[in-house]
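Novice: quick one, what's the 3D model for this:
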Amino acid sequence: MSLDSLLHFISSTSSNGPEATDLAFAEVDPMGRIVSINPFGRLAWGWRSGTELSTELILALEGLGSEHPTELPIKEGGLHLRGMCIGKREGWFLVGFEPGKESRAGDQFSFRSMMDQIPQPAICLNTSGLAWYVNEATAKELGRKVSALQGRPVLSELVHPEDRWKLAELLELAARDGSAHSVIRFGVHNRTGVLHLVQSGADEFQALILPVISSDSEEESPTADSFYRSFLEQGPIGVVYLDATGSVTFENHVFRSIVGEEASDSWLGLRLTNIDRLDDMSTKALLRSIHNQGTFTGMVRLIDPASARPTHHLRIHASAIRHPENGVVGTALMIEDHTKLVNNQQELEWVERSEKVKALLRELATDHNDPSAFLNSATAMLGEAFKADSAMFLGLSIGKDRLVDISAWYLKDNIHPDQAVVTLRRSMLTELESGRFGRFITCGAGTTNPLCEALEARECWVDALRDNDQFAGHFVFVWSSSIREAQWATASRLNEVVRLFEALYSRLQAAASYRMTVAALDDALFGFSFFSRWRSAVPFCYRVI
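Specialist: A predicted model of the protein is given here:
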């Protein structure tokens, strides 16, 4: 049945008089039950969806032989009745009207008044898909006001994302043959219906969606689709659906618990490539794999847009949704939160990494007897280990009013030694001398710090060093152009390593001091002389007093 036939059916029932503008309209299934009914019909006949018609009325409808409006020989609720078949044994349309002067089809009858009386979604749209008219049933189906739908691609919004590919084909067929129809899913509840599309002008189409009802009552019996979605919503794993354009059309409760429950955290309606929390590299790999192979299994990171640091590690199993008539129409994503597992693995790696750094420090202390040689090697090794741009040991000057770099390491090899010399006023770091632990100093995001400016640092770590409980200087890590690996270069790990460095350096200095003392005593206290006495060469030892 075409939409033209339906409109002709309704218009042939109207009369010229303004008193006849209200029509009772109902759709009847093949078993003689009401599928849908407009408000005037409920008022006039007292029927509701699911109401079974009387045997007399069913027999009258079964007597209709074609898709042409025919007046029935009975009345209902004081109204004359006119019926029309829907296709071949798909049911009937039934219209009740008050007796009056019949009009020729279309006389004194506006299209809008007809559409308003149809209890199913009806839309007038142009060739671009933008609606210039929608009826109340359409607005109700979308949960919006009629005024808010003008000028929008309403038909595309009404049809399920996985079935939208059919619209372009239907428009081409309607433009060529005058009308076309197809089974689609529509509305917020994803009901199944038949979309009828008719070309009413050179650049104008009219659309009507007639629901397909398989149960006794649409309102009382849950559909398989709603049960399926309920299962996905309550499942133990995160589920996300994408349509053919890559936009998110469904996300379940488990997924929302991962990314956040706030409305601003939702991905619904967003394209995968426009979600700022997704790591770009992982997203591209995901989409490329789905496009080429149809499947993807791998890890994807969620990042904090402000800091660009990962917040979640997700394992995604993705599979393209294929339609036998149109290829890929969407993608299903099954998502597991592996953040805790990945963090535990990383923590183990960081512990091993930290122990390795400590072992290297002890090895350097064993290999070098000279404190200066150990200091230079250890400074370079620690700077590389914590991925700093530079690392340095700042010691006190002779006047003890300044801090000078006794040992320094730079990531860039092209820095000249003269340019690398750093001299700072001791007063800049006086407050840190008494502390037992180091701390981060940051410069950026509208803040400034004299130390960061002097060291040309975005962020630095400063830790006071002591020798025999006396302040001896500072050990400094500088991150300038690079970003600190926050999960590794933490305050606790830096403190542990610098405390070990401090202990080893103090021990080497004590050992060197001891050796120097012993050597000085040997030089000052003892001397040897050989001379002849009693004409024989006998060695004598004189003690110098």
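Novice: okay, CA-based contacts and neighbour counts for the rest of this
Specialist: Fine.
Novice: pLDDT weak spots in the stretch 251-400 of the chain?
Specialist: Applying pLDDT under 70 to the stretch 251-400 of the chain picks out residues 293, 323-326.
Novice: all helices for it, in order.
Specialist: For the stretch 251-400 of the chain, the helices defined by DSSP state H, counting those that start in this stretch occupy 253-259, 280-293, 339-367, 371-385.
Novice: which one of these lies closest to Q470?
Specialist: helix 371-385 (17.5 Å; CA to CA).
Novice: counting contacts, what elements does that closest one pack onto?
Specialist: Applying 3 or more CA pairs under 8 Å, 6 or more residues apart in numbering; DSSP states H and E, we find helix 371-385 packed against helix 339-367, strand 390-396, strand 402-410, helix 491-525.
Novice: point out the most buried one among these.
Specialist: strand 390-396 (a mean of 24; mean count of other CA atoms under 10 Å).
Novice: please parse this structure into its domains.
Specialist: 3-115, 120-211, 225-337, 343-512 (automatic domain parsing).
Novice: partners of whichever strand or helix holds Y133, with directions?
Specialist: Y133 is part of strand 131-134 when elements are defined by DSSP states H and E. Within its sheet, strand 131-134 is paired with strand 122-126 (antiparallel), according to DSSP bridges.
Novice: would you mark the buried spots in the strand it pairs with?
Specialist: A122, I123, C124, L125, N126 (16 or more other CA atoms under 10 Å).
Novice: need the residues you listed in CSV (columns: pLDDT).
Specialist: Output for the buried residues of strand 122-126, formatted as CSV (pLDDT from 0 to 100):
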residue, pLDDT
A122, 88
I123, 89
C124, 87
L125, 87
N126, 84
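Novice: re earlier: closest to R466 out of the helices of the stretch 251-400 of the chain?
Specialist: Per CA to CA, nearest to R466 of the helices of the stretch 251-400 of the chain: helix 371-385, 14.4 Å.
Novice: tell me the angle that closest one makes with strand 402-410.
Specialist: Relative orientation of helix 371-385 versus strand 402-410 (axes from the mean of the first three to the mean of the last three CA atoms, to 10 degrees): 60 degrees.
Novice: all numbers from here: first residue = 59
Specialist: New numbering, starting at 59: the last item is helix 429-443.
Novice: which residues touch helix 429-443?
Specialist: When contacts are defined by CA atoms under 8 Å, 6 or more residues apart in numbering, helix 429-443 is touched by residues 415, 419, 422-423, 426, 447-451, 465-469, 535, 559, 563, 566-567, 570.
Novice: could you give me the buried positions within that helix?
Specialist: Result for helix 429-443 [16+ other CA under 10 Å]: buried residues P429, F432, L433, N434, S435, A436, T437, A438, M439, L440, G441, E442.
Novice: ok, the second one to A438 distance?
Specialist: From F432 over to A438 the distance is 10 Å, taken as CA to CA, to the nearest Å.
Novice: quick one: the strands in the stretch 159-308 of the chain?
Specialist: 180-184, 189-192, 237-244, 249-259, 262-269, 296-301, 306-309 (DSSP state E, counting those that start in this stretch).
Novice: which one of those strands lies nearest to N553?
Specialist: That would be strand 296-301 among the strands of the stretch 159-308 of the chain, by CA to CA, at 40.1 Å.
Novice: buried stuff in that closest one?
Specialist: G296, V297, V298, Y299, L300, D301.
Novice: the fourth one contacts A390, correct?
Specialist: Put plainly, it is Y299. Yes: taking contacts as CA atoms under 8 Å, Y299 lies within contact range of A390: 4.7 Å.
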